[in-house]
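K.L.:
give the three-dimensional model of this entry:
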Amino acid sequence: MRRAPADPARLRARRRGRLAERLCRWHLRLRGWRILAADWRCPAGEIDILARRRNVLAVIEVKSRPDFATGAAAILPRQRRRVARAAEAFLAMRPDLASLALRFDVMVVAPRRLPRHVAGAWRIDG
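P.N.:
Predicted coordinates for the structure are as follows:
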């Protein structure tokens, strides 16, 4: 069975997203974060970056958008729940990190700009 050719716009978006994630990892490292995992996937969901600095474990969603405002607003409640479930799965695999403060962040990459890191962009209550 042959696959249909991939949509060029979708391929460009995927490439842009991977570049944005790489730029964000670089940005975080320069600011003292240690990258624990990148593009981490499990059946419950996917996490773009898991990073640690001191006693904080940041679960970071990366968005590449034309401007910062649309990037931060692009994470819908459904995606937040999926990221939170993936974070739970990650912590189940890494109980040594369970004592850290868990935080959900967003990093937005806009053209010709350094990434903007929004710490504590959302919380999971319950």
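K.L.:
in this structure residue 29 contacts residue 35, no?
P.N.:
Yes - contact criterion C-beta atoms under 8 Å: residue 29 and residue 35 qualify, at 6.6 Å. Every residue, glycine included, has its C-beta placed from N, CA and C.
K.L.:
neighbour-wise, which of the two wins?
P.N.:
residue 35 (15 against 12; other C-beta atoms under 10 Å).
K.L.:
how close does the closest residue to residue 113 other than its chain neighbours sit to residue 17?
P.N.:
Of all residues not flanking residue 113 in the chain, residue 68 sits nearest, at 7.8 Å (C-beta to C-beta, 6 or more residues apart in numbering). Shown here: residue 68 relative to residue 17, a distance of 16 Å by C-beta to C-beta, to the nearest Å.
K.L.:
and residue 61, by the same measure?
P.N.:
Applying C-beta to C-beta to residue 61 and residue 17 gives a distance of 11 Å.
K.L.:
between these two, which one's more packed in?
P.N.:
For residue 61 and residue 17, the more surrounded residue by other C-beta under 10 Å is residue 61, and the numbers stand at 24 against 16.
K.L.:
OK, contacts around the more buried one?
P.N.:
Contacts were defined as C-beta atoms under 8 Å, 6 or more residues apart in numbering; by that measure residue 61 touches 47, 48, 75, 79, 83, 104, 105, 106, 107, 121.
K.L.:
cool, and residue 90?
P.N.:
Per C-beta under 8 Å, 6+ apart, neighbours of residue 90: 37, 40, 42, 47, 50, 59.
K.L.:
which element is the last one on?
P.N.:
If I follow you right, that is residue 59. For residue 59, the element it lies in under DSSP states H and E is strand 56-64.
K.L.:
against which helices or strands is the biggest helix by length in the chain packed?
P.N.:
Counting by DSSP state H, the longest helix found in the chain is helix 8-30. With contacts taken as 3 or more C-beta pairs under 8 Å, 6 or more residues apart in numbering; DSSP states H and E, helix 8-30 sits against strand 34-42, strand 45-53, strand 56-64, strand 101-109, strand 116-122.
K.L.:
all set, thanks.
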